[in-house]
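Q: The sequence and its predicted three-dimensional model are supplied below.
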Amino acid sequence: MQQHHLGILIGGSSHVGKSTLAKSLAVSLGRELISTDKLGRHPGRPWPTLRPQVAEYYSRLSDDTVHWFLKVHHENMWPYICQIIENQRRLLKPFILEGSALRPEYMTTLDPNLVRAVFLYAEDDFLRARMMEEAGYKDATQSAALVIEKFVERSIRDKREMLEAARDAKLQCVDVAYSEALEALAKELAAAYSVVNE
């Protein structure tokens, strides 16, 4: 069935494939792609290069504080994200917005007739293995490995919290550990929003 949401929002924690899905859809649907990663500064992932300030951030702060800072960062970004969505609405420009700052509790405050929200996730072991491999964990120095571990655990903790919120809000949740589920979502969205069918 043809859908007419102006925006497609793709949320999820780090390393679940939000950017990959968003880029693919932006190309196939001819929509503007906006990433929350480019909207605000945060220490982020400690690879491929471990910058001194990032190492200090993850090594000096407690797990609770690191997670709290991430949530505050997302909270501070939300008004700006809403402004971007409103600008797209005023200009009637179809868009795809992706990023971990699209927390379920925020996405559900938006007009469901204006945007369609999906949430990507993976179980802990899958996500941990994916991040450790990309980070080059097995070849990392001891100090770098500790920072990587801290980032990974923060991401998994955040994923658990957001997944619970997404399920409570009845958002469409897709487990990216199953490639067929992600492919089915991509096909569903491409078919539902294809300009050819309008």
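A: Arrived safely.
Q: make it CA atoms for all contacts and neighbour counts henceforth
A: OK.
Q: Where is the longest helix in this structure?
A: Identified as the longest helix of the chain according to DSSP state H is helix 63-91.
Q: mind exporting whichever helix or strand comes after it as CSV, just the C-alpha atoms?
A: For helix 63-91, the following helix or strand on the C-terminal side (DSSP states H and E) is strand 95-98. What follows is strand 95-98, C-alpha atoms only, in CSV (Å, rounded to 0.1, in the frame of the first residue of the first chain):
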residue,chain,number,x,y,z
PHE,A,95,13.4,13.1,3.7
ILE,A,96,15.1,10.2,5.6
LEU,A,97,16.5,11.0,9.0
GLU,A,98,18.7,8.5,10.8
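Q: Just the angle for the least confident helix or strand in the chain by mean pLDDT relative to helix 63-91, thanks.
A: Lowest on mean pLDDT, DSSP states H and E among the helices and strands of the chain sits helix 52-60, with a mean of 87. Relative orientation of helix 52-60 versus helix 63-91 (axes from the mean of the first three to the mean of the last three Cα atoms, to 10 degrees): 130 degrees.
Q: Centre of the chain to helix 52-60, how far?
A: 23 Å (Cα atoms, centre = their mean, to the nearest Å).
Q: And stretch 96-103, by the same measure?
A: Distance, centroid of stretch 96-103 to centroid of chain: 5 Å (Cα atoms, centre = their mean).
Q: Equivalent analysis for stretch 73-80, please.
A: Using Cα atoms, centre = their mean, the offset of stretch 73-80 from its chain centre is 14 Å.
Q: still on that earlier bit, for the least confident helix or strand of the chain, which residues meet the burial criterion?
A: Across helix 52-60, burial judged by 16 or more other Cα atoms under 10 Å covers 54-55, 58-59.
Q: Between these, which sits nearest residue 92?
A: residue 54 (39.1 Å; Cα to Cα).
Q: excluding its backbone neighbours, what's nearest the closest one?
A: Residue nearest to residue 54 in three dimensions, not counting chain neighbours: residue 43, with 5.5 Å by Cα to Cα, 6 or more residues apart in numbering.
Q: Could you do residue 104 as well?
A: Nearest one to residue 104, counting by Cα to Cα, 6+ apart, is residue 166 at 5.1 Å.
Q: and the next element down the chain from the helix or strand encompassing that neighbour?
A: For residue 166, the element it lies in under DSSP H and E is helix 142-168. For helix 142-168, the succeeding helix or strand toward the C-terminus, using DSSP H and E, is strand 172-175.
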